[in-house]
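Novice: Here is a sequence together with a model predicted from it:
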Amino acid sequence: MSIRRVVPNIKAKPFEESRAFYIDSLGFKVGMDMGSIVTLVSPSNPTAQISLLRDEGKEGVLPYAQRIAARLPAGTWQRLNAGGTSSPKLGRQK
């Protein structure tokens, strides 16, 4: 499997200060802004991204990382959607 990028999604509190830090201090640019989530992109490497989730104190919304893969082994998405591991060698684990 070839992984092209991993995008961490981080629950940010305080949201506006976190956003300003990544933009003003680290030089990220806004790639997408949907209000409750903003994806920040490196101007020199567009695959280097981070997404900030607005922390509204709601239970059940957890940070996660998006994986973008060029090619996945057969059955990988089915195992992931069923709550199992992405590795066929490890078998199904919860």
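Specialist: Right, received. Where do you want to start? The model shown is predicted, which means the values in this text are computed figures rather than measured ones. Numbers count the residues shown, from 1 in each chain.
Novice: rest of the way, CA atoms for contacts and neighbours
Specialist: Fine.
Novice: Where do the helices of the chain begin and end?
Specialist: Taking DSSP state H as the test, the helices found in the chain are 15-20, 76-81.
Novice: need the least confident one among those, by mean pLDDT.
Specialist: The stretch with the lowest mean pLDDT among the helices of the chain is helix 76-81, at a mean of 63.
Novice: Can you find the helix or strand of the protein with the lowest average pLDDT?
Specialist: Scoring the helices and strands of the chain by mean pLDDT, DSSP states H and E places strand 64-71 at the bottom, with a mean of 51.
Novice: any idea what sits nearest residue 36, other than its immediate chain neighbours?
Specialist: Nearest residue to residue 36, sequence neighbours excluded (C-alpha to C-alpha, 6 or more residues apart in numbering): residue 54, at 5.0 Å.
Novice: contacting residues for that neighbour?
Specialist: 11-13, 15, 35-37 (C-alpha atoms under 8 Å, 6 or more residues apart in numbering).
Novice: What subset of those is buried?
Specialist: Taking 16 or more other C-alpha atoms under 10 Å as the criterion, what is buried in the contacts of residue 54 is 11-12, 15, 37.
Novice: partners of residue 38 in the sheet?
Specialist: Beta-bridge pairing of residue 38 under DSSP bridges involves residue 33, residue 52.
Novice: Go ahead and confirm it touches residue 49.
Specialist: No: taking contacts as C-alpha atoms under 8 Å, residue 38 lies outside contact range of residue 49: 10.3 Å.
Novice: and residue 17, how many residues sit next to it?
Specialist: Applying other C-alpha atoms under 10 Å, we find 11 residues neighbouring residue 17.
Novice: next one: residue 24
Specialist: When counting by other C-alpha under 10 Å, one arrives at 11 neighbours for residue 24.
Novice: Can you give me the distance of it to residue 33?
Specialist: With distances taken as C-alpha to C-alpha, to the nearest Å, residue 24 is found 16 Å from residue 33.
Novice: And for residue 18?
Specialist: The spacing between residue 18 and residue 33, counted by C-alpha to C-alpha, is 14 Å.
Novice: ok, now residue 16?
Specialist: As for residue 16, its distance to residue 33 is 12 Å (criterion: C-alpha to C-alpha).
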